[in-house]
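S.K.: Fold the following, please.
(2 chains)
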Protein chains: 2
Amino acid sequence: MKLVVKGIERRPEKYLLPLALAAAPMLIGAAESGSAGVLLALAVLLPAAKLAGWLAERVGQPAVLGELLAGIAIGNLGLFGYDGLEYLKKDSALETLATLGVILLLFEVGLESSLADLIKVGVSSLFVAIVGVALPFVLGWAVSAWLLPEHSRYVHAFIGAALSATSVGITARVLRDMGRIKSREASIILGAAVIDDVLGLVILAVVTGMIAGAGAGEPFTAGSIAWLVAKVTVFLAASLTLGLFFAPRLMAHAARAKIKGLMFVLSLSFCFVLAYIAALIGLAAIVGAFAAGLVLQGVPWGEHAAEGERSMEDLLHPVSAFLVPLFFAHTGLQMNVTWLARPDVLVLSLALTAAAIAGKQACGLAVVERGLNRIAIGVGMIPRGEVGLIFAGIGLTLSVGGERIVDDATFAAVVVMVMLTTLVSPPLLQWSFGRKKEN
Amino acid sequence: MKLVVKGIERRPEKYLLPLALAAAPMLIGAAESGSAGVLLALAVLLPAAKLAGWLAERVGQPAVLGELLAGIAIGNLGLFGYDGLEYLKKDSALETLATLGVILLLFEVGLESSLADLIKVGVSSLFVAIVGVALPFVLGWAVSAWLLPEHSRYVHAFIGAALSATSVGITARVLRDMGRIKSREASIILGAAVIDDVLGLVILAVVTGMIAGAGAGEPFTAGSIAWLVAKVTVFLAASLTLGLFFAPRLMAHAARAKIKGLMFVLSLSFCFVLAYIAALIGLAAIVGAFAAGLVLQGVPWGEHAAEGERSMEDLLHPVSAFLVPLFFAHTGLQMNVTWLARPDVLVLSLALTAAAIAGKQACGLAVVERGLNRIAIGVGMIPRGEVGLIFAGIGLTLSVGGERIVDDATFAAVVVMVMLTTLVSPPLLQWSFGRKKEN
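M.R.: As a prediction, the model looks like this:
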């Protein structure tokens, strides 16, 4: 191929991006819905999320923050007069993929957690986790009840649940970079984070179940909450005990069959079965996916794998690399930044952020051992990261009597809280450990 | 955990399958729609397709036939009085995933094809391919016009297109097993199959474009067909020349950025962009995905890959292993076997199968070289396999004025044709090569 323009002839790739950017709106303007719409959504969101995630990591933030910001940027292009991608917010095919993404993410988290470690982490982690879930929940409820008095108790409960989340990935990363990952403080934080995942999912399950129950006309009573807690407990206990008993045996059978790829497919299927059952009994589907991951974490995959078969992690990773960023970008798409121009939303955002930070700070006080850096432990629990976003995203899907529980303004405030708590943690963590050193 | 039933205590996993089978209908009966529905769909279809695909391979058939049969079996459970999975047929989330599956499949096929080989294969392959596409198309049209005189020309064109497909995977497998894969006959068949993929996609693009045009009120004239052929040609030529020029340079830039996973994401995005553009200009999305694969096939992935990065194939495989079987199972779901009890549908099936076999048999006569086993070459081109199913599946989505072009009876007949042509090929191939030997 011979190009006549002289500049292009020498370094043609230089002109690719401007050309693509110029051509894109024309293409996008033409067809916005139908099955082709999701193709465009993928073509745009996948590289945008990837690049933004990479940029976030470059500045010491988790990739998930970049993926969220990519979604927010694309979702608010309307502010610059471009609404060719507006349809993405409501595209049901994209929503399906985003939902699968978050389910696979929780499945992966479960696979990386260890039930044995969970039991081992000791009393300090357990106390830290319980305080770190309970106090932010109460504070979140209080802030919500104070600033949103006209909203129902379901909103308060949802906000409390979002504040109870912990995402310890960013803390672990910073501690590793600081050479502190083997410290006692780090062990307590990481142990508490795993327990937090379970407790947070229980709270989420109870809150979504409560709201689903309200949607079906069931009143919000102590009895209905007790029934939900019982359901969650039975579900988790049953799926874990039955799963831990049967799954390794089933996998051993599957491995003996020497059917390449069968174990991968069965594992995915198991994840979807538990996610489906969780949804069926009124819990969040991700609770089931997490339980499935916890169960399969115990399967000695390496021993069983057929000749030349890659590990579960290796096989799952490309699938989640494809679908998981779509969830965060999709969550970002739903955030309308113009809400933040409203003083009441801004105040709510900041109040929630303050409650989120204060609530987790109290964690440090729950440490029973002496001589530890309690402030550092509390700071390490602050980031909400992807867990907070998952809660926020699920909040958007909840409704009672056809009316959404979480309106756009509340959603925006929760997303800001998640972003701020995640952003402040790395510097605060460095400061708190530095302070200790000087003592 | 202590189980009291004595038999279970000794070999508990023995009872897992019956227990699961007994429990499944209860679960399934409860919730059939909503976002939970797709979780159940995945939980059921993934292992069913995997096991059926494996069984098919065990008896010398391609896995795709098993995946199709798994879909047909599940789609016709209603015959046994069980309709808890009926909703899968119309589940839009499952359809999204199946569509992505077939797009990724064609992307993979493109990645495995080679433009250079395509040019090298020589005159014999080109003639074999052209005859092998043209004659079945004409015969298919003739059979359709004869047996379905009340149907429009769009149906005849669609049936012709479905008959023009070739899936050479099964032939390649049988030839390899027979130790004949290096024979001149095998080279001609494999070369012709690659050309066939391109010609078949052109025909599919023209037929779907024609029907889309008719839906928009454009008449079916020689001019409109010429316009469509021009569009397809320009699209393929432009995406291949621009792609081959820019893609390696863009990938080299991406590689230099050393962002892990970026090349994988950009490749997927490129696939979705071309698929979207193809859909936008009225062609089938898979045409764009195939073109994207052909373009990226030329990128020296290995050279560019970042440290510790796995190959494109390694990364793409788990994603396609997850989504591709869903496409074939979903196609199987749409097939209502009761149609085959109707004599006219049965006659149509058999007539189409005869036309499909006869049309490809003439291929052998197009070989210009002497001394070759022309019958074996013709037989090698017979199986329609996944390509025929892709055409059939796309046919189901076509409509003019809100009325579907391909009704359930015609769809059933085309699926039977695909299955029969695929089933008869391995024994016929062995017979034809054996016959030659005795000469």
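S.K.: Would you mind writing the CA trace of whichever helix or strand A:Gly388 is part of as PDB?
M.R.: Here A:Gly388 sits within helix A:385-396, counting by DSSP states H and E. Output in PDB follows, covering the C-alpha atoms of helix A:385-396 (Å, rounded to 0.1, in the frame of the first residue of the first chain):
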ATOM      1  CA  GLY A 385     -11.900  -0.200  46.600                       C
ATOM      2  CA  GLU A 386     -13.600  -2.800  44.500                       C
ATOM      3  CA  VAL A 387     -15.700  -4.200  47.400                       C
ATOM      4  CA  GLY A 388     -17.300  -0.800  48.000                       C
ATOM      5  CA  LEU A 389     -17.900  -0.500  44.300                       C
ATOM      6  CA  ILE A 390     -19.500  -3.900  44.100                       C
ATOM      7  CA  PHE A 391     -21.900  -2.900  47.000                       C
ATOM      8  CA  ALA A 392     -22.600   0.400  45.200                       C
ATOM      9  CA  GLY A 393     -23.300  -1.400  41.900                       C
ATOM     10  CA  ILE A 394     -25.600  -3.900  43.500                       C
ATOM     11  CA  GLY A 395     -27.400  -1.000  45.300                       C
ATOM     12  CA  LEU A 396     -28.300   0.400  41.900                       C
END
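S.K.: Show me what it is in contact with.
M.R.: A:62, A:64-65, A:68, A:98, A:102, A:105-106, A:158, A:161-163, A:165-167, A:169-170, A:197, A:200, A:204, A:208, A:284, A:286, A:327-328, A:330-331, A:334, A:404-406, A:410-411, A:414-415, A:417-418, A:421-422 (C-beta atoms under 8 Å, 6 or more residues apart in numbering or on different chains). Placement of C-beta: from N, CA and C, glycine included.
S.K.: In helices, which of those residues appear?
M.R.: The helices, defined by DSSP state H, take in A:64-65, A:68, A:98, A:102, A:105-106, A:158, A:161-163, A:169-170, A:197, A:200, A:204, A:208, A:286, A:327-328, A:330-331, A:410-411, A:414-415, A:417-418, A:421-422 from the contacts of helix A:385-396.
S.K.: could you check whether stretch A:83-102 is close to chain B?
M.R.: Yes - counting by C-beta under 8 Å from any C-beta of the partner chain, chain B has neighbours in stretch A:83-102: A:Ser92, A:Ala93, A:Glu95, A:Thr96, A:Leu97, A:Thr99, A:Leu100.
S.K.: on that earlier part again, so how do I select the buried members of the contacts of helix A:385-396 in ChimeraX?
M.R.: In ChimeraX, this line selects whichever of the contacts of helix A:385-396 come out buried by 16 or more other C-beta atoms under 10 Å in any protein chain shown:
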select /A:62,64,65,68,98,102,105,106,158,161,162,163,165,166,167,169,170,197,200,204,208,284,286,327,328,330,331,334,405,406,410,411,414,415,417,418,421,422
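S.K.: any low-confidence regions in chain A?
M.R.: For chain A, applying pLDDT under 70 flags the ranges A:1-35, A:115, A:117-121, A:218-220, A:301-309, A:435-439.
S.K.: Now with 50, please.
M.R.: Applying pLDDT under 50 to chain A picks out residues A:1-13, A:29-33, A:436-439.
S.K.: Quick one: distance of the longest helix seen in it to the chain centre.
M.R.: Counting residues, the longest helix in chain A under DSSP H turns out to be helix A:222-256. Chain-centre distance of helix A:222-256: 22 Å, with C-alpha atoms, centre = their mean, to the nearest Å.
S.K.: Over to stretch A:139-155?
M.R.: With C-alpha atoms, centre = their mean, you get 23 Å for stretch A:139-155.
S.K.: residues of the longest helix of chain A that come out buried?
M.R.: Neighbour-count burial for helix A:222-256 [16+ other C-beta under 10 Å]: A:224-225, A:227-228, A:231-232, A:235-236, A:239-240, A:243-248, A:250-251, A:253-255.
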